[in-house]
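# The following block contains a protein sequence and its predicted model.
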Amino acid sequence: MKSLDWNKILTLNKQYLSDQQIVEQSEERGEEVPEWDKVAQTTVWERWAYYLYYNGNNGVNNYTYVPTVIQYLATQDGWNPVDGTPCTDSNSCIIKFGSGTINVSSMVLFSQGISFFIQSLLLPTIGALADYGNHGPRILLWITLVSCAAQIGFLGFSDQGWTWWIALLLGIVVYVTYGASLVFYAALFPRLAVNDPQVRTARREGMPQSDYMVLESLRRNHYSTISTTWSNIGFLLISIILIGLFQGLAKAWNADVNNLPNFSLSIASAVCGGFWLVCAIPWFFIQKKRPGVPLPEGQSYWTQGWVSTIHAFKECKRLPQTFWYLLGYFVLADAVNTTGQVVAVIQNDLVNFGGSLLTFFGLIQAIASIFGCLAFLYIQKYFKLQTKTMLQVSNVFTLMVPIWGCIGLGSSVIGFHDVREMWAYQVWFGIFTAPFYAYTQTVMSELIPSGKENMFFALFGIANKVSSFIGPTIIGAVINATNNQWSGFPICVALQILPICIIWRVNMKKASQDIKMYEEEERQKRGEVTPASGGSWIKEEGPVTTIHHEDVHEIHEHVDEKQSGL
């Protein structure tokens, strides 16, 4: 009796060959299977487990409940600098910090900045463990476990204002592990996309390089955008769960749902941590092993990441378009993250730290984010627009947020002074800013040489973390000096305009040429003929073929033949 082909059963891609069938077919023809075709193909179960992980790791706790608990506890322990009375909000509230004092809003921003700074040191140190050997899955596992445990640990905080500094330390653990998880998670999708059965089949059948590159780009966009969409679905699901939780707590405590004890925020944090853990479990059991290259002789796992990072910076001359994009992203990530943090601090005061209303905000934002991601993906596919174009559209609309905040400097009516504006902000953020997170990493994936995903995504993450330390630190200092939460918005406007101009000059066609030349030079250095990691394929001899916009139109029908897998 013939044994069951479990790989084919698990892929659910019956129109494509399974890994076992590829080997059998090559043996029948007397051909040797190339190294890139020996790498495990991405299964449907694996793809959905990847999406499910991001469903749980949706970030709602990092941007809602954890910072709100810290801000609330600090406000409870603070006083008004004018008359010394207990604080009623965070705008004009100071707390003891070391030998001096600090504005509560500034402290919240500084805590975010500190966490980003720690991440910028941590990621190069552990990055090599993901690049070399098969340590990446274990790193992501431990990061996930620590982050979930820290979020659940917020059950230890209630109304004791003096505990704000303990909550701050635990919050930094949450921020750091969450940020690190995103970097290692994002580094996975290029490998999943390039080993997708549809992409592997196209390469095996000898699809011309220009056609193949468009197909691979479509799959990368698909994995990135759909995973981001599922993150927003997770945002939606956890918001619904928490709304039910708050209703239950209101009944149990005989209290109004909009005026629950602030311990409800700590309970919400624990539920978020548990939700992420449950959603993450399938990925760690289903993922296929795709180990990286062996660690270079004489190198250490703990220093190789820094060596690789320095090496990546030195590659600027060989990959100039990649580094122009990294420079733009360096500033852009700082601007977008800092703008969101400033709005969140103002929002917490406007709703008086009400967990129920904050959750409804999250629910609306999640619905809008799902719509925004799918709408952007549909528009891109319908009009066959480049990934960079879609990113720039998102950037321009995102710029409107700090511009609106600037109005609040001269007005006490509009410019984030009313709860109704916060409802509108959730919708705007979801539709126009949520796609930003998908497209930034997709553009980055198209600017990375094959086999260098973890090194460059670590650099990508460092650019995010280092820059995101700068913005909150500067704006926190400005708010501390002015005691005005709106004073940071003009800086956010300037920080967003600059990277839009930088990214505009990135030439994706030239980048494609640079990457192919880079990959060929690296293979020649190793004495290899074909890539060993299943990366992008060069079919033609001679000069490298680049993608032109008309190439997309020419192969549209060819790609559609197997589009059902998309």
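Received, thanks.
# Counting neighbours, what do you get for Gly206?
A count of nearby residues for Gly206, using other CB atoms under 10 Å, gives 10. No exception for glycine: its C-beta is placed from N, CA and C like everyone else's.
# can you check the one 10 residues further on too?
If you count neighbours by other CB under 10 Å, Glu216 ends up with 24.
# Wait, it touches Val199, no?
Yes. Counting by CB atoms under 8 Å, Val199 is a contact partner of Glu216 at 5.5 Å.
# Name the residues contacting each of those two.
Ala193 (CB atoms under 8 Å, 6 or more residues apart in numbering).
# Check the secondary structure at Leu385 for me.
Put simply, Leu385 is coil when judged by DSSP: H, G, I helix; E, B strand; the rest coil.
# gap between it and Ile118?
Relative to Ile118, Leu385 is positioned 38 Å away (CB to CB, to the nearest Å).
# Would you mark the buried spots in stretch 238-245?
Within stretch 238-245, the residues that qualify as buried are Ile238, Ser239, Leu242, Ile243, Leu245, counting by 16 or more other CB atoms under 10 Å.
# Grab the nearest non-local neighbour of the first one.
It refers to Ile238. Phe275 (5.2 Å; CB to CB, 6 or more residues apart in numbering).
# before we move on, the earlier item: what would the buried residues of stretch 238-245 look like in a markdown table with distance to Gly461, secondary structure and pLDDT?
Output for the buried residues of stretch 238-245, formatted as a markdown table (distance: CB to CB, whole Å; DSSP: H, G, I helix; E, B strand; the rest coil; pLDDT from 0 to 100):
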| residue | distance to Gly461 | secondary structure | pLDDT |
| --- | --- | --- | --- |
| Ile238 | 24 | helix | 93 |
| Ser239 | 27 | helix | 90 |
| Leu242 | 29 | helix | 94 |
| Ile243 | 33 | helix | 92 |
| Leu245 | 33 | helix | 94 |
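# how near is the residue most central in space within the chain to Ile143?
In the chain, the centroid-proximal residue (CA atoms, centre = their mean) is Leu182; its distance is 5.1 Å. Per CB to CB, Leu182 is found 10 Å from Ile143.
# likewise Ile346?
Noted for Ile346: a distance of 31 Å to Ile143, by CB to CB.
# The two: who's more crowded?
Set Ile346 next to Ile143 and count neighbours by other CB under 10 Å: Ile346 wins out with 25 against 22.
# Make sure the residue nearest to Ile238 is indeed in a helix.
Yes. Assigned with three-state DSSP, Phe275 falls within a helix.
# Neighbours of it, how many?
Neighbourhood size, Phe275 [other CB under 10 Å]: 23.
# Pull the contacting residues for it.
Going by CB under 8 Å, 6+ apart, Phe275 touches Gly56, Gly234, Leu237, Ile238, Ile241.
# pretty sure Thr101 is in a strand, no?
Yes. The assignment for Thr101 by three-state DSSP puts it in a strand.
# for the stretch 351-500 of the chain, what are the low-confidence residue spans?
By pLDDT under 70, the weakly predicted segments of the stretch 351-500 of the chain are 451, 454.
# before we move on, the earlier item: quick check: helices, which of the contacts of Phe275 are part of them?
Counting by DSSP state H, these place Gly56, Gly234, Leu237, Ile238, Ile241 in helices.
# Is the fourth one in contact with Val60, as I believe?
Yes. With contact taken as CB under 8 Å, Ile238 and Val60 are classed as touching, separated by 5.7 Å.
# what sits in contact with each of the two?
Both Ile238 and Val60 are contacted by Cys272, Gly362, under the criterion CB under 8 Å, 6+ apart.
# now the strands for the stretch 251-400 of the chain?
In the stretch 251-400 of the chain, no strands are defined using DSSP state E, counting those that start in this stretch.
# coming back round to it: in the helix or strand hosting the residue nearest to the centre of the chain, which residues are buried?
When elements are defined using DSSP states H and E, Leu182 is found to belong to helix 164-186. Under the neighbour-count criterion of 16+ other CB under 10 Å, helix 164-186 has 164-165, 167-168, 170-186 buried.
# do the same with stretch 315-334
Across stretch 315-334, burial judged by 16+ other CB under 10 Å covers 315, 319, 321-334.
# Narrow those residues to those in helices?
321-334.
# Let's have the residues you listed in a markdown table, adding pLDDT and distance to Ala193.
Shown next, in a markdown table, are these (pLDDT from 0 to 100; distance: CB to CB, whole Å):
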| residue | pLDDT | distance to Ala193 |
| --- | --- | --- |
| Gln321 | 95 | 20 |
| Thr322 | 93 | 18 |
| Phe323 | 91 | 23 |
| Trp324 | 95 | 24 |
| Tyr325 | 96 | 19 |
| Leu326 | 94 | 21 |
| Leu327 | 94 | 25 |
| Gly328 | 96 | 23 |
| Tyr329 | 95 | 20 |
| Phe330 | 92 | 25 |
| Val331 | 94 | 27 |
| Leu332 | 94 | 23 |
| Ala333 | 92 | 22 |
| Asp334 | 91 | 28 |
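# Now for the residues you listed: which two are most distant?
The most widely separated members of those are Gln321 and Asp334, with 21.0 Å between them, by CB to CB.
# Roughly how far does Pro282 sit from Lys384?
Taking CB to CB, one finds Pro282 at 34 Å from Lys384.
# Now do the contacts for the nearest residue in space to Gln380 that is not next to it in sequence.
Closest residue to Gln380 apart from its sequence neighbours, by CB to CB, 6+ apart: Met390 at 5.1 Å. Going by CB under 8 Å, 6+ apart, Met390 touches Phe376, Ile379, Gln380, Pro435, Tyr439.
# Name the member of these with the most neighbours.
Neighbour count (other CB under 10 Å) singles out Pro435 as the most crowded of those, with 29 neighbours.
# roughly how far apart are the residue nearest to Phe429 when sequence neighbours are not counted and His417?
Excluding the flanking residues, the one nearest Phe429 by CB to CB, 6+ apart is Gln365, at 5.8 Å. Relative to His417, Gln365 is positioned 20 Å away (CB to CB).
# Over to Arg203?
56 Å.
# more crowded one of these two?
Comparing Arg203 with His417 by neighbour count (other CB under 10 Å), the higher total belongs to Arg203, at 22 against 16.
# in what helix or strand does that one lie?
helix 197-204.
# which helices and strands does that helix pack with?
Packing partners of helix 197-204 (3 or more CB pairs under 8 Å, 6 or more residues apart in numbering; DSSP states H and E): helix 209-252.
# same thing but at 10 Å, please
Applying 3 or more CB pairs under 10 Å, 6 or more residues apart in numbering; DSSP states H and E, we find helix 197-204 packed against helix 19-29, helix 189-194, helix 209-252, helix 556-560.
# Most tightly packed of those?
Compared across the helices and strands packed on helix 197-204, helix 189-194 shows the largest average neighbour count, a mean of 25 (mean count of other CB atoms under 10 Å).
# if I look at the residue nearest to the centre of the chain, how far off is Phe157?
25 Å.
# where does the stretch 51-200 of the chain have low pLDDT?
Short version for the stretch 51-200 of the chain, where the test is pLDDT under 70: 90-91, 127, 130-131.
# Ramachandran angles for the residue lying closest to Pro137 once chain neighbours are set aside?
The shortest distance from Pro137 to any non-neighbouring residue, by CB to CB, 6+ apart, is to Gln287 (6.2 Å). Note on Gln287: its backbone torsions stand at phi -60, psi 140 [degrees, to the nearest 10].
# pLDDT value on Gln287, please?
Looking at Gln287, its pLDDT reads 92.
# from memory it sits against Tyr185, does it?
No. Using CB atoms under 10 Å as the test, Gln287 is too far from Tyr185 to be in contact (11.4 Å).
# okay, and the common contacts of the two?
Tyr50, Tyr53, Leu140 (CB atoms under 10 Å, 6 or more residues apart in numbering).
# what's the angle from the helix or strand hosting the last one to helix 164-186?
Element membership of Leu140, judged by DSSP H and E, is helix 136-152. Put simply, helix 136-152 runs at 150 degrees to helix 164-186, going by axes from the mean of the first three to the mean of the last three CA atoms, to 10 degrees.
# so what secondary structure elements neighbour helix 136-152?
Helix 136-152 packs on helix 44-56, helix 104-131, helix 164-186, helix 263-286, going by 3+ CB pairs under 10 Å, 6+ apart.
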